[in-house]
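> generate coordinates for the sequence data below:
(one chain, ligands or ions: 2)
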Amino acid sequence: HIRAVLFDLDGVVVRTDRFHELGWVRLAEAHGWDFSAELGHRLRGISRLESLDIILGENGLAGVSDADRTAWAEEKNAYYREAVQGIDETDVLPGVLSFIRELRERDIKVALCSASKNAPEVLQLLKITDLFDEVVCGLDITRSKPDPQVFEMAAERLGVPNFHCLVFEDAPSGVEAARRAGMKCVGVGTAEGLPEAPVVIPNYANIDIEALLDSARP
Ligand code: B16
Ligand code: MG
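Ligands and ions are numbered 1, 2, ... in the order given. The predicted structure is shown next:
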């Protein structure tokens with residue numbers, strides 16, 4: 001049975017996923033690189049520098065200097081941080097906060113598991129840090145999704161075995177990371193966008209906790 005639920009941040013709790021994508025779009029436009037919506041989806045959950053390397057690879061720029069890579073990663077982060085300063089409650093996915101509170105009322109542990117180094121600040125801006133028993137972010141991990149490190153670290157901190165954990169993810173890389181951790185997973189988005197997710201919900205409206213926890217059982 002499920003004893004802990006692990007939430008990704010961008011695209012699962014807050015709609016900051018579009019600001020990450022906007023940051024990459026602005027960077028690509030500034031430098032004349034190609035960037036497609038398909039690539040943007042593929043980059044969900046992937047760390048900043050690895051995302052940049054994928055974009056550079058797609059544009060035949062794999063051999064650039066580390067100084068250039070660092071500068072461009074910082075440029076993207078500046079675009080992201082500029083966009084994120086104005087977020088408020090309206091950027092939180094409808095229903096997710098009450099869903100988290102309901103889980104906690106059922107004594108289910110809740111953790112936030114994000115690849116983003118900006119995750120703690122986003123939680124602070126929205127004043128929702130205390131909603132989570134644990135927060136694991138890009139500052140804590142050394143390997144980005146699809147590596148399971150972020151989820152395994154959260155499970156360990158919560159003291160809950162991996163097979164009692166359920167992950168909510170909007171990223172193909174995150175769904176893969178949950179699978180590698182031996183955790184159940186619910187995709188947030190569309191079945192087409194998350195073909196590997198065993199269960200997909202479009203949003204948190206009319207969520208039936210019992211049914212969801214059941215459907216996530218093997
Ligand atoms: P940062 P998540 C991920 O967050 C984003 O999906 C991804 O677009 C971003 O590149 C990554 O965090 C790193 O973020 O540049 O802020 O450190 O979806 O795992 O919550
Ligand atoms: Mg995400």
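> tell me how many other residues surround Phe132.
21 (other Cβ atoms under 10 Å). To be clear about C-beta, it is placed using only N, CA and C from the backbone, and glycine gets the same treatment.
> show me the contacts for it.
7, 100, 110-112, 123 (Cβ atoms under 8 Å, 6 or more residues apart in numbering).
> ramachandran angles for it?
Taking degrees, to the nearest 10, you get phi -110, psi 140 for the backbone angles of Phe132.
> residues contacting the nearest residue to it once chain neighbours are set aside?
Nearest residue to Phe132, sequence neighbours excluded (Cβ to Cβ, 6 or more residues apart in numbering): Leu112, at 4.6 Å. For Leu112, the contact set (Cβ under 8 Å, 6+ apart) comprises 6-7, 9, 13, 119, 123, 132, 134-137.
> which of these are buried? Put it as a PyMOL command.
Entered in PyMOL, the line below selects the buried ones among those, by 16 or more other Cβ atoms under 10 Å:
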select buried, resi 6+7+9+13+119+123+132+134+135+136+137
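> what's the closest of the contacts of Leu112 to Glu21?
The closest of the contacts of Leu112 to Glu21 turns out to be Leu9 (Cβ to Cβ; 14.5 Å).
> is it true that that closest one touches Ser114?
Yes: if you go by Cβ atoms under 8 Å, Leu9 and Ser114 touch, sitting 3.8 Å apart.
> can you give me the neighbour number for Ala67?
By other Cβ under 10 Å, 8 other residues sit near Ala67.
> and for Arg180?
Number of residues near Arg180 (other Cβ under 10 Å) recorded here: 16.
> list the contacts of it.
Here Arg180 is in contact with 146-148 (criterion: Cβ under 8 Å, 6+ apart).
> so which of those residues wins on neighbours?
Pro148 (21 neighbours).
> surely that one is in contact with Ala177?
Yes: if you go by Cβ under 8 Å, Pro148 and Ala177 touch, sitting 4.7 Å apart.
> write out the residues of the protein neighbouring ligand 2.
Contact residues (Cβ under 5 Å from the ion) of the chain with ligand 2: 8, 10-11, 170-171.
> with pLDDT and distance to Ser51 added, can I get the residues you listed in JSON lines?
Shown next, in JSON lines, are the residues of the chain next to ligand 2 (pLDDT from 0 to 100; distance: Cβ to Cβ, whole Å):
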{"residue": "Asp8", "pLDDT": "98", "distance to Ser51": "15"}
{"residue": "Asp10", "pLDDT": "95", "distance to Ser51": "12"}
{"residue": "Gly11", "pLDDT": "95", "distance to Ser51": "14"}
{"residue": "Asp170", "pLDDT": "96", "distance to Ser51": "15"}
{"residue": "Ala171", "pLDDT": "96", "distance to Ser51": "11"}
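> so which of those residues is the closest to ligand 1?
Nearest to ligand 1 among those, counting by Cβ to the nearest ligand atom, is Asp10 at 3.5 Å.
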